[in-house]
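Asks: Let's see this in three dimensions:
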Amino acid sequence: MENQTSRRSSLKRIGMGLAALFGAGAATAAKAMTGGSGPKKEVVGDIVTDQEVPLFSGAVKHGNTLYIAGKGAHVEPFEIKAHTEIVLNELEKELKKNGSSMEKVLKVNVYLADLNDYHAMNEVYKGRFGKNPPVRTTVATYGGVPGNSLVEMDCIAALD
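Replies: Residues are numbered from 1 along each chain as shown. Got it, this is the predicted structure:
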């Protein structure tokens, strides 16, 4: 017991030292290291399972942040603009359902089955996140997007 208390104190001192050096982000890490209280993870979307074993959550809230799992368009027509529109509409629906919006999205990851679809995807994507678009990473996947979607997107958004 004394060993645990000593170890927690040491971790707390290290964490607070990091906070002093690196700011608030390190303070959050310090709380996590020492078991301090803070926001709890709350699953707010469907939990996708494989033979009754949880694989991933469709959406998770943590503090004032919402994380939305990848959305794809697993329907015909197999045309990038149609798939992009479907995916963006699904993201928007999930954001609204959980108290956020397209304007509050901070980060988007875009996964394309074919990098040649980049410009056509951008035509539909442009303007969907308001005047101040989120940061974005776009990659072409090796072997395609799961479920025969031409595009998949996930995002991280702020909550009020």
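Asks: going forward, measure contacts and count neighbours with C-alpha atoms only.
Replies: Noted.
Asks: Would you mind listing where the chain has pLDDT under the threshold?
Replies: The chain contains residues with pLDDT under 70 at 1-37, 51.
Asks: And the helices in it?
Replies: Along the chain, the segments classed as helices by DSSP state H run 2-22, 24-34, 80-97, 118-125.
Asks: just how off-centre is the shortest one within its chain?
Replies: For helix 118-125, the separation from the chain centroid amounts to 21 Å (computed by C-alpha atoms, centre = their mean, to the nearest Å).
Asks: Next, the angle from it to helix 80-97.
Replies: 40 degrees (axes from the mean of the first three to the mean of the last three C-alpha atoms, to 10 degrees).
Asks: Report the buried residues of helix 118-125.
Replies: Buried residues in helix 118-125, defined by neighbour count with 16 or more other C-alpha atoms under 10 Å: 118, 121, 124.
Asks: Who are the packing partners of that helix?
Replies: Helix 118-125 sits against helix 80-97, with contacts defined as 3 or more C-alpha pairs under 8 Å, 6 or more residues apart in numbering; DSSP states H and E.
Asks: Keeping just the C-alphas, turn the helix it packs on into CSV.
Replies: Only the C-alpha atoms of helix 80-97 are listed here, as CSV (Å, rounded to 0.1, in the frame of the first residue of the first chain):
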residue,chain,number,x,y,z
ILE,A,80,-18.0,9.5,-56.2
LYS,A,81,-20.2,12.7,-56.0
ALA,A,82,-23.2,10.7,-55.0
HIS,A,83,-21.2,8.8,-52.4
THR,A,84,-19.7,12.0,-51.0
GLU,A,85,-23.1,13.6,-50.6
ILE,A,86,-24.4,10.5,-48.8
VAL,A,87,-21.4,10.4,-46.4
LEU,A,88,-21.6,14.1,-45.6
ASN,A,89,-25.3,13.9,-44.9
GLU,A,90,-24.7,10.9,-42.6
LEU,A,91,-22.0,12.8,-40.7
GLU,A,92,-24.3,15.9,-40.4
LYS,A,93,-27.2,13.7,-39.1
GLU,A,94,-24.9,12.1,-36.4
LEU,A,95,-23.5,15.5,-35.4
LYS,A,96,-27.0,17.1,-35.0
LYS,A,97,-28.2,14.0,-33.1
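Asks: Break the protein down into its structural domains.
Replies: Using automatic domain parsing, the domain parsing of the chain gives 2-34, 41-158.
Asks: if you compare these, which one is most tucked away?
Replies: Mean neighbour count (mean count of other C-alpha atoms under 10 Å) peaks for domain 41-158 among the domains of the chain, with a mean of 17.
Asks: Skip the chain neighbours and tell me the closest residue to residue 55.
Replies: The shortest distance from residue 55 to any non-neighbouring residue, by C-alpha to C-alpha, 6 or more residues apart in numbering, is to residue 49 (5.1 Å).
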